[in-house]
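*Asks:* my questions concern the predicted model and sequence given below.
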Amino acid sequence: MSGQGQTICCCGATTWSKVIAWIHIVANALFLILSIIAIAGIAALADSSNVEVNKGLVYTGLAISIVLYLFGLIMGVILLKGTNQRRVTYLKAWLIYGIVSMVVTILSLILSVVGGTTAASLASGILGTAFNLAVTGFTVWVVWVLKKEIEMGVHGPNVY
């Protein structure tokens, strides 16, 4: 069965998936570079100022960030490759990544609530989490639509 794919807002699922992949690649690459620069900046700040910095804790946080940004960069490449080559296995891997990302976002909000934050930071956290979940939910849905189209043999409007 071959037909025309679903149009989402203005584009097909293939185009949206490519846009999502490139945003992941560029954003994670930038954050990766900024995290590496931050390590050098914190080391210089801690050595040259009177500010007391728990280097171990800061470096651990930055190391975790670097790993997550690197993983996000790799997953963006996997999504782009899966979209371009129409490989369902790659799309499934990215869908798992997207869903896990949503769960981690929710858990992060729960931990900040349990940790006793101020009302202002709680409101900010809830709004940030809601926005993050809406965007991530949209991206997961788009990639799921593309996966279904590929499985059904449907060609999106932007494939040709």
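*Replies:* Great, that's in hand.
*Asks:* residues near Y59, how many?
*Replies:* 15 (other CB atoms under 10 Å). No exception for glycine: its C-beta is placed from N, CA and C like everyone else's.
*Asks:* which helix or strand contains the nearest residue to it once chain neighbours are set aside?
*Replies:* Once flanking residues are discounted, Y59 sits nearest to I39: 6.8 Å by CB to CB, 6 or more residues apart in numbering. For I39, the host element (DSSP states H and E) is helix 13-48.
*Asks:* figure out how far that helix is from the centre of its chain.
*Replies:* Distance of helix 13-48 from its chain centroid, counting by CA atoms, centre = their mean, to the nearest Å, is 11 Å.
*Asks:* list the buried residues of that helix.
*Replies:* 13-18, 20-21, 24-25, 28, 31-32, 35, 38-39 (16 or more other CB atoms under 10 Å).
*Asks:* for that helix, packing partners?
*Replies:* Counting contacts by 3 or more CB pairs under 8 Å, 6 or more residues apart in numbering; DSSP states H and E, helix 13-48 is packed against helix 55-85, helix 119-152.
*Asks:* as a markdown table, these with mean pLDDT and distance to L95 would be great.
*Replies:* Formatted as a markdown table, the helices and strands packed on helix 13-48 follow (pLDDT from 0 to 100; distance: least, CB to CB, whole Å):
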| stretch | mean pLDDT | distance to L95 |
| --- | --- | --- |
| helix 55-85 | 88 | 9 |
| helix 119-152 | 87 | 6 |
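*Asks:* could you export those to a markdown table, including columns for distance to T105?
*Replies:* As requested, the helices and strands packed on helix 13-48 are exported to a markdown table (distance: least, CB to CB, whole Å):
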| stretch | distance to T105 |
| --- | --- |
| helix 55-85 | 12 |
| helix 119-152 | 5 |
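*Asks:* closest to Y97 out of those helices?
*Replies:* When those are compared by CB to CB, helix 55-85 sits nearest Y97, at 4.7 Å.
*Asks:* and the angle from the closest one to helix 119-152?
*Replies:* Taking axes from the mean of the first three to the mean of the last three CA atoms, to 10 degrees, one finds that helix 55-85 is oriented at 30 degrees with respect to helix 119-152.
*Asks:* helices or strands next to helix 55-85 in the packing?
*Replies:* For helix 55-85, the packing partners by 3+ CB pairs under 8 Å, 6+ apart come out as helix 13-48, helix 88-114.
*Asks:* give the buried residues for it.
*Replies:* Buried residues in helix 55-85 (16+ other CB under 10 Å): 58, 62, 65-66, 68-69, 72-73, 75-80, 82-83.
*Asks:* alright, calling it a day.
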